[in-house]
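# Prediction below, plus the sequence it came from.
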Amino acid sequence: MLTYIVVLIIIGLLAGAVARLLVPGKDRMGVLGTIVLGIVGSFVGGFLWNLFEYGHLTPIHTVGIIGSIIGAIIVLLIMRMTGLDRRRRRI
């Protein structure tokens with residue numbers, strides 16, 4: 001179980017970093033935000049893969065690194081469109 005969590009974090013970091021490099025613009029998120037972006041992108045990529053391949057969605061399905069990157073790009077673009085990528089201002 002610990003190995004799965006470590007691999008999930010590493011794949012999340014790689015997918016999130018590549019997605020941030022491929023999408024132009026400034027992102028104010030740290031390493032933890034990049035890892036979360038990659039992990040969420042992996043699940044989004046899994047949902048899209050199941051939708052296109054089987055025609056239905058399963059609750060949880062992860063895909064490879066390419067699907068994770070595509071999902072992370074989609075999540076990053078949605079974050080930018082909704083304004084969720086901005087941090088709260090300190091007073």
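Arrived safely, thanks for sending. Note that this is a predicted model, so its numbers are computed, not measured.

# In this protein, what residue spans correspond to helices?
Assigned by DSSP state H, the helices in the chain fall at 2-22, 31-54, 65-82.

# ok now do the nearest residue to residue 44 once chain neighbours are set aside, which residues does it touch?
Leaving aside its chain neighbours, residue 44 sits nearest to residue 71 (3.5 Å; criterion: CB to CB, 6 or more residues apart in numbering). Placement of C-beta: from N, CA and C, glycine included. By CB atoms under 8 Å, 6 or more residues apart in numbering, the contact set of residue 71 is 15, 40, 41, 42, 43, 44, 45, 46, 47, 48, 63.

# now do residue 48
Applying CB under 8 Å, 6+ apart, the residues near residue 48 are 67, 70, 71, 74.

# want to throw those into CSV with distance to residue 28?
Below are the contacts of residue 48 laid out as CSV (distance: CB to CB, whole Å):
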residue, distance to residue 28
67, 26
70, 23
71, 21
74, 19
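
# Spatially nearest residue to residue 74, not counting backbone neighbours?
Distance criterion CB to CB, 6+ apart; nearest residue to residue 74, sequence neighbours excluded, is residue 44 at 5.7 Å.

# Distance check, that neighbour against residue 3.
Between residue 44 and residue 3 the computed distance is 24 Å (CB to CB, to the nearest Å).

# Give me the more crowded residue out of these two.
More neighbours surround residue 44 than the other of residue 44 and residue 3, with 20 against 7 (other CB atoms under 10 Å).

# What count of nearby residues applies to residue 23?
So residue 23, with other CB under 10 Å, has 14 neighbours.

# hmm, I was thinking of residue 64
By the measure other CB under 10 Å, the count of residues near residue 64 is 13.

# got a pLDDT number for it?
Note on residue 64: pLDDT of 75.

# next one: residue 13
88.

# List the residues that contact it.
31, 34, 35, 38.

# For the chain, give me the ranges with low pLDDT.
Low-confidence segments of the chain, defined by pLDDT under 70, span residues 54-63, 84-91.
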